[in-house]
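A.B. asks: Give me coordinates for this.
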Amino acid sequence: MRERLARHRRRLRVAFGFAWQSVRGNRRRIALAVVGVAIGIAAVTSMLLIGNSVAAQATRALDQLGADVVTITVSPLEAAPGDTGGEPLSEAARHRLAGVSAAAAAALRQMPEVQAVALLERRFGCGDGPETALGNPDIVAAAPDLPGVLSLRLRHGRFLHALDGRQLWIVLGADAAAELRKTRPDLRAGVPVSLCGKTFFLAGVLAPYFGDDLLQSVKINRSVFISPAAARRLAGPPAPSTSLLLARLGTGATGADMPALLASRLRTLLSQTVRASGARQVSELRERQVALYTRFLAVLGGVALLVGSLGIMNVMLAAVAERKAEIGLRMALGAHAGDVVAQFLMESVLICLFGAALGLVLGVAGAGLALTVAGIEVTFDAATPLCSAALALLSGLAAGAYPAANAARLDPVDTLQGRA
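C.D. replies: Reported below is the predicted structural model:
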């Protein structure tokens, strides 16, 4: 048994030696085959890396936001002109919307499944008001209970407080603070900040919030937060705005049908148009979209890898045709058909492994660049290089099987006499 294993190892070493000499002796031809395989492996690697990174970010977002957060939008059934379509709301429409939203918040707080509620009014910029150092931000009038509903953390300072009253305090999201620091490097709690013709004082800055990916109606990181009383004192004409509620559900009330149930109750109680969406539903929709994109990219990578494998097969068939005399001489000196098959399979696998190494580098670099531009953290999984190596190995074996079988079927007498 031990002698048989040693004999097989020697035969494999000999096959590898012949394969390596052939690869080194045909570098230009082999290089083209390697590039073909590298393109397919790069597509598969980028698919795996992008899919893993997007899934990891969605998981982090759901962990921070919480699967028990529901976004609810309420609007009157009889909308006045300017209530929809992104146009500025009239003063009467704004009061009506505020009253309906406050009634919805009060109704939600009475429901046993709801643990906490935050009422927000998002104002899209300052209308035609004066320019600000913050550019044209989303201004959100928020109640002090917002951090508890969304599990917000402060980088420094504090959030809005019920005792602030009509005082002009402002809280910045992480991205809004980074934008302001470009012109205000001295940014700290208590400094004055100009917003829509008014001078506010900075109360605090929020830490980066991963849950933004699953919030559809408001983006915490790029918003500025003020109290509802301060929002009514902003200068300039009314800007387009929307009112929404964020509800955190209690333990055991995070079923997939809970957002629809809450919306149905509010429609019955208030006779208003109500839309509700849960963080888990948004996350599942995101995962389905990523899965669709991943499958599409996998098909493209598979096609590219197939084309590369066909290129390797063509190279190997040409190598068999050119080296018939060498094959015949080896077989005449005692080499078995299995030795010839192992030689050409080894050569094909070497080409694919070189292509896998190049494709892995290209795929990681391309996916990393795309994820960086998209603002997604790169999540590298150890399964990615293993999958690339496995695909390369299978491609090499598949591409080299037919040429190797052809080589093994050659008659050494005919090849040495030049008749094959």
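
A.B. asks: I figured Thr45 was touching Leu358, is that so?
C.D. replies: No: contact status for Thr45 versus Leu358: not in contact, 10.6 Å apart, counting by CB atoms under 8 Å. C-beta: built from backbone N, CA, C; applies to glycine.

A.B. asks: Between these two, which is the more surrounded one?
C.D. replies: Thr45 (27 against 18; other CB atoms under 10 Å).

A.B. asks: ok, the more buried one - contacts?
C.D. replies: Thr45 is in contact with Gly359, Leu360, Leu362, Gly363, Val364, Ala367, Thr384, Ser388, counting by CB atoms under 8 Å, 6 or more residues apart in numbering.

A.B. asks: show me what contacts the fifth one?
C.D. replies: Shown here is Val364, whose contacts under the criterion CB under 8 Å, 6+ apart are Thr45, Ser46, Leu49, Phe380, Thr384.

A.B. asks: and if you look at the last one?
C.D. replies: Contact criterion CB under 8 Å, 6+ apart gives Ile41, Val44, Thr45, Ala356, Gly359, Leu360, Gly363 as the residues in contact with Ser388.

A.B. asks: between those residues, which is nearest Val349?
C.D. replies: Ala356 (10.0 Å; CB to CB).

A.B. asks: Name the nearest residue to that closest one, ignoring sequence neighbours.
C.D. replies: With CB to CB, 6 or more residues apart in numbering as the criterion, Ala356 has its nearest non-adjacent residue at 3.4 Å, and that residue is Ala392.

A.B. asks: Run through the stretch 201-350 of the chain and note the low-pLDDT ranges.
C.D. replies: For the stretch 201-350 of the chain, the stretches with pLDDT under 70 are 213-214, 216, 235-241, 252-256, 279-287, 289-290, 293-294, 297-298, 334-335.

A.B. asks: which residues of it fall in strands?
C.D. replies: Under the criterion DSSP state E, counting those that start in this stretch, the stretch 201-350 of the chain carries strands at the ranges 223-226, 241-249, 273-278.

A.B. asks: export the ones you listed to a markdown table and tack on mean neighbour count?
C.D. replies: Below are these laid out as a markdown table (neighbours: other CB atoms under 10 Å):
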| stretch | mean neighbour count |
| --- | --- |
| strand 223-226 | 26 |
| strand 241-249 | 23 |
| strand 273-278 | 20 |
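
A.B. asks: so the helix or strand harbouring Ile41 versus strand 241-249, what angle?
C.D. replies: Using DSSP states H and E, Ile41 sits in helix 27-65. Interaxial angle, helix 27-65 versus strand 241-249 (axes from the mean of the first three to the mean of the last three CA atoms, to 10 degrees): 80 degrees.

A.B. asks: So which bits of helix 27-65 are buried?
C.D. replies: 29-30, 33-55, 57-58, 61-62, 64-65 (16 or more other CB atoms under 10 Å).

A.B. asks: so how far is it off the chain centroid?
C.D. replies: 12 Å (CA atoms, centre = their mean, to the nearest Å).

A.B. asks: same deal with stretch 24-31?
C.D. replies: On CA atoms, centre = their mean, the centre of stretch 24-31 falls 39 Å from that of its chain.

A.B. asks: Roughly how far does Gly396 sit from Leu345?
C.D. replies: Look at Gly396 and Leu345: by CB to CB, to the nearest Å, they are 7 Å apart.

A.B. asks: Counting neighbours, go ahead and name the busier of these two.
C.D. replies: Gly396 (26 against 21).

A.B. asks: looking only at pLDDT, what's the mean for the helix or strand hosting that one?
C.D. replies: For Gly396, the host element (DSSP H and E) is helix 383-408. In this model, helix 383-408 has an average pLDDT of 77.
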